[in-house]
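>>> Give me the fold of what follows.
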Amino acid sequence: MTELPREIYSCAQVRELDRLAIEGHGIASYALMTSAGAAALACLRAHWADARSVTIVCGAGNNAGDGYVLGRLAREAGLAVDVVGLIAGSELGGDARRAYDDFVAAGGDGSDYADSGEWRGDVIVDALLGTGLTRALGGSFAQAASAINSAQRPVLALDIPSGLDADTGHPLGDAVVADVTITFVGLKAGLFVGQGPEHCGVIEFAGLGVPDGVYAQLEAPFDRLGADHVAQALRPRRRTAHKGDHGRLLVVGGAPGMSGAIRLAAEAALRAGAGLVRVATHVDSAPVVTAGRPELMTHAVDGPDALNALIAESTALVVGPGLGQGDWAAALWRTALAADLPLVLDADGLNLLAAAPERRDRWLLTPHPGEAARLLGIDPAAVQHDRPGAAREIVARYGGVAVLKGTGTLVAGGHRSTIGVCDRGNPGMATAGMGDVLAGVLGGIVAQGADLRTAAEAGVYVHAAAGDAAADAGERGLVAGDLMAHVRALVNPA
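Sure thing, here's the model as predicted:
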């Protein structure tokens with residue numbers, strides 16, 4: 001299958017891409033549907049080469065039409081095909097009706113919807129509903145989606161899993177959970193944000209021959225992060241470089257009992273390439289940090305005066321890992337915010353900000369959904385329901401650049417209006433200390449001179465890709481420290 005594009009679109013924009021291709025470039029709409037069916041068959045054979053039979057569950061509209069085309073082509077390829085229709089073929093319209101008629105004319109036999117216990121296919125294909133769904137699945141469509149999910153066979157979804165909001169990734173009722181989703185013409189935001197990754201499985205893409213000139217007419221609101229973002233942030237080093245050329249980062253945190261967080265963040269900054277990393281931490285934590293990584297310059301600080309002396313020697317700050325929210329933490333937090341330096345604010349640094357909101361441009365905020373909810377004064381479920389909207393609102397209220405962590409981490413703000421979307425990472429990263437490593441990676445890249453938005457995009461990608469590399473040995477049991485060696489490899493692309 002083809003490599004995924006960088007651009008990610010809204011549902012309305014993908015419909016506009018369809019229209020531009022049809023009206024502006026003379027591509028027949030049925031030709032697009034035929035190409036979609038052919039791409040779906042290629043996808044099915046690529047992922048399930050041993051499959052000898054397929055059950056295609058067709059609903060309404062063009063998604064059903066794609067299913068009927070797939071059914072016709074799969075029969076021609078020698079597969080045993082059962083097509084189960086929720087809508088009688090005689091009630092379909094437009095290209096979907098034509099696809100149904102062609103399927104029947106080629107010898108296909110569509111049957112009415114039946115319980116999944118009667119489905120025989122080695123693979124189940126979800127061709128129920130496409131991207132236009134705006135309300136919860138109901139009636140026979142909800143029953144069919146539930147039956148697909150309980151069939152205990154691999155599932156291929158056409159364009160988008162039925163019941164998933166194409167813009168927010170929010171399930172509209174009992175949405176289909178697919179093993180593979182092949183999406184057409186343009187990547188949809190809902191595949192990557194919210195619950196989208198949970199429902200889509202592996203995402204494949206087929207452009208269906210839509211010309212590049214069509215895409216040039218629309219600006220995609222989302223940008224999928226990749227290794228090229230790292231190359232933009234981290235330029236090759238001069239042979240005569242010394243440590244001072246690559247930034248002097250100060251990492252602030254590590255209240256009593258939380259030395260691990262500041263230690264992870266500081267080492268991650270070193271592994272990301274910062275020339276020199278100082279740690280400003282509590283006297284109780286300083287010996288632990290120094291013992292764990294002697295390359296770190298660790299300073300026990302008791303208040304603002306000691307911290308100001310270190311700030312004067314720094315080019316960037318990371319504030320928050322293991323900081324706590326007591327008097328010591330609050331005093332250091334206020335001192336750090338008063339400095340006119342690029343700042344990565346994480347963990348308790350964000351909780352202190354939520355309690356005393358302010359706005360500035362030279363910071364990078366890294367909330368997880370709970371911290372984002374506190375920053376916005378809403379419920380975490382509301383953040384997850386519309387993650388792009390939450391990321392934009394954090395930037396609107398607080399300025400700077402926001403990294404909204406979680407599955408499909410988002411980057412918003414700075415000098416670009418688009419939102420960066422990370423499709424790397426894995427469930428093994430849902431463990432203590434991963435956020436501290438991310439904060440350190442971000443700080444290390446900022447210290448090397450990248451602007452905050454560019455650093456955020458590169459750092460988020462590096463962190464997630466490092467997590468994937470570390471998970472080669474298995475996701476369960478992955479710990480934050482396992483990422484370090486992979487961070488180093490990823491900031492040194494071949």
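>>> Can you show me the helices along the stretch 1-150 of the chain?
11-19, 25, 29-47, 61-76, 94-105, 139-150 (DSSP state H, counting those that start in this stretch).
>>> how about these in JSON lines, adding mean neighbour count and distance to A456?
Heads up, the C-betas are built off the backbone N, CA and C, glycines and all. Shown next, in JSON lines, are the helices of the stretch 1-150 of the chain (neighbours: other CB atoms under 10 Å; distance: least, CB to CB, whole Å):
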{"stretch": "helix 11-19", "mean neighbour count": "18", "distance to A456": "24"}
{"stretch": "helix 25", "mean neighbour count": "12", "distance to A456": "37"}
{"stretch": "helix 29-47", "mean neighbour count": "20", "distance to A456": "33"}
{"stretch": "helix 61-76", "mean neighbour count": "26", "distance to A456": "36"}
{"stretch": "helix 94-105", "mean neighbour count": "20", "distance to A456": "42"}
{"stretch": "helix 139-150", "mean neighbour count": "19", "distance to A456": "36"}
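>>> quick one, which of those is nearest to D179?
Among these, helix 29-47 comes nearest to D179, with 7.6 Å by CB to CB.
>>> Mind checking the pLDDT average for the closest one?
Mean per-residue pLDDT for helix 29-47: 98.
>>> Keeping just the C-alphas, turn it into CSV.
Extracted C-alpha coordinates of helix 29-47, given in CSV (Å, rounded to 0.1, in the frame of the first residue of the first chain):
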residue,chain,number,x,y,z
SER,A,29,-17.9,9.8,-9.9
TYR,A,30,-18.4,6.2,-10.7
ALA,A,31,-14.8,5.9,-11.8
LEU,A,32,-13.8,7.1,-8.4
MET,A,33,-16.1,4.4,-6.8
THR,A,34,-14.7,1.7,-9.0
SER,A,35,-11.1,2.8,-8.1
ALA,A,36,-12.1,2.7,-4.4
GLY,A,37,-13.4,-0.9,-4.8
ALA,A,38,-10.2,-2.0,-6.5
ALA,A,39,-8.1,-0.3,-3.8
ALA,A,40,-10.1,-2.1,-1.1
LEU,A,41,-9.6,-5.5,-2.8
ALA,A,42,-5.8,-4.8,-3.0
CYS,A,43,-5.8,-3.8,0.7
LEU,A,44,-7.7,-6.9,1.7
ARG,A,45,-5.4,-9.2,-0.2
ALA,A,46,-2.3,-7.4,1.2
HIS,A,47,-3.4,-7.8,4.8
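>>> still on that earlier bit, let's have the helices of the stretch 1-150 of the chain in JSON lines, adding distance to L187.
Formatted as JSON lines, the helices of the stretch 1-150 of the chain follow (distance: least, CB to CB, whole Å):
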{"stretch": "helix 11-19", "distance to L187": "8"}
{"stretch": "helix 25", "distance to L187": "20"}
{"stretch": "helix 29-47", "distance to L187": "14"}
{"stretch": "helix 61-76", "distance to L187": "17"}
{"stretch": "helix 94-105", "distance to L187": "22"}
{"stretch": "helix 139-150", "distance to L187": "22"}
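>>> how about the ones you listed, which one is nearest G389?
G389 sits nearest to helix 11-19 of all the helices of the stretch 1-150 of the chain, at 14.8 Å, using CB to CB.
>>> now that closest one: how far from the chain's centre is it?
22 Å (CA atoms, centre = their mean, to the nearest Å).
>>> ok, now stretch 338-356?
Using CA atoms, centre = their mean, the offset of stretch 338-356 from its chain centre is 24 Å.
>>> end-to-end on it?
Stretch 338-356 has an end-to-end distance of 14 Å (criterion: CA to CA, to the nearest Å).
>>> got the buried residues for that stretch?
339, 341-354 (16 or more other CB atoms under 10 Å).
>>> Sitting in strands, which of those residues do you find?
343-345 (DSSP state E).
>>> Tabulate those (JSON lines), appending pLDDT and distance to K405.
Shown next, in JSON lines, are those (pLDDT from 0 to 100; distance: CB to CB, whole Å):
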{"residue": "L343", "pLDDT": "98", "distance to K405": "17"}
{"residue": "V344", "pLDDT": "98", "distance to K405": "13"}
{"residue": "L345", "pLDDT": "98", "distance to K405": "13"}
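>>> Out of those, which is nearest to Q143?
L345 (47.8 Å).
>>> Any idea what that closest one is bridged to?
V319, L365 (DSSP bridges).
>>> Tell me, what's the model's pLDDT at the nearest residue to E267 once chain neighbours are set aside?
Using CB to CB, 6 or more residues apart in numbering and skipping residues adjacent in sequence, the residue nearest E267 is R293, 5.1 Å away. Note on R293: pLDDT of 83.
>>> need the contact list for R293.
263, 266-267, 270 (CB atoms under 8 Å, 6 or more residues apart in numbering).
>>> Let's see if you can find the most crowded of those residues.
A266 (34 neighbours; other CB atoms under 10 Å).
>>> wait, that residue sits on V251?
Yes - contact status for A266 versus V251: in contact at 4.7 Å, counting by CB atoms under 8 Å.
>>> Which residues are in contact with each of these two?
277, 279, 440.
>>> Ends of stretch 48-59, what's the gap?
In stretch 48-59, first residue to last residue: 23 Å (CA to CA).
>>> So which bits of that stretch are buried?
48, 51, 54-59.
>>> re the thing from before, just give me the closest of the contacts of R293 to A494.
L270 (21.3 Å).
>>> surely R98 meets G65?
Yes - counting by CB under 8 Å, R98 does reach G65; the two are 7.5 Å apart.
>>> Number of residues surrounding G474?
Neighbour tally, G474, other CB under 10 Å: 9.
>>> Quick one: mean pLDDT over the strand or helix carrying A382.
Assigned by DSSP states H and E, A382 belongs to helix 380-385. Throughout helix 380-385, pLDDT has a mean value of 94.
>>> again, but for stretch 478-489
Stretch 478-489 comes out at a mean pLDDT of 97.
>>> Please compute how far it lies from its chain's middle.
From the chain centre to the centre of stretch 478-489 is a distance of 20 Å (CA atoms, centre = their mean).
>>> okay, how far is it across that stretch, tip to tip?
With CA to CA applied, stretch 478-489 spans 18 Å between its terminal residues.
>>> Equivalent analysis for stretch 266-286, please.
12 Å.
>>> List the buried residues for it?
266-282, 285-286.
>>> With stretch 300-314 instead?
For stretch 300-314, a neighbour-count test (16+ other CB under 10 Å) marks 300-301, 307, 310-311, 314 as buried.
>>> Tabulate the CA atom coordinates of stretch 137-154 in CSV.
Presented in CSV, the C-alpha positions along stretch 137-154 are these (Å, rounded to 0.1, in the frame of the first residue of the first chain):
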residue,chain,number,x,y,z
LEU,A,137,-26.2,4.9,14.7
GLY,A,138,-29.7,3.5,15.2
GLY,A,139,-32.0,0.7,14.2
SER,A,140,-30.5,-2.0,11.8
PHE,A,141,-27.3,0.0,11.3
ALA,A,142,-26.6,0.0,15.0
GLN,A,143,-27.4,-3.8,15.1
ALA,A,144,-25.1,-4.4,12.1
ALA,A,145,-22.2,-2.4,13.6
SER,A,146,-22.6,-4.4,16.9
ALA,A,147,-22.7,-7.7,14.9
ILE,A,148,-19.5,-6.8,13.0
ASN,A,149,-17.8,-6.1,16.3
SER,A,150,-18.9,-9.4,17.8
ALA,A,151,-18.2,-11.5,14.8
GLN,A,152,-14.7,-12.5,16.0
ARG,A,153,-13.2,-12.1,12.5
PRO,A,154,-10.9,-9.5,11.1
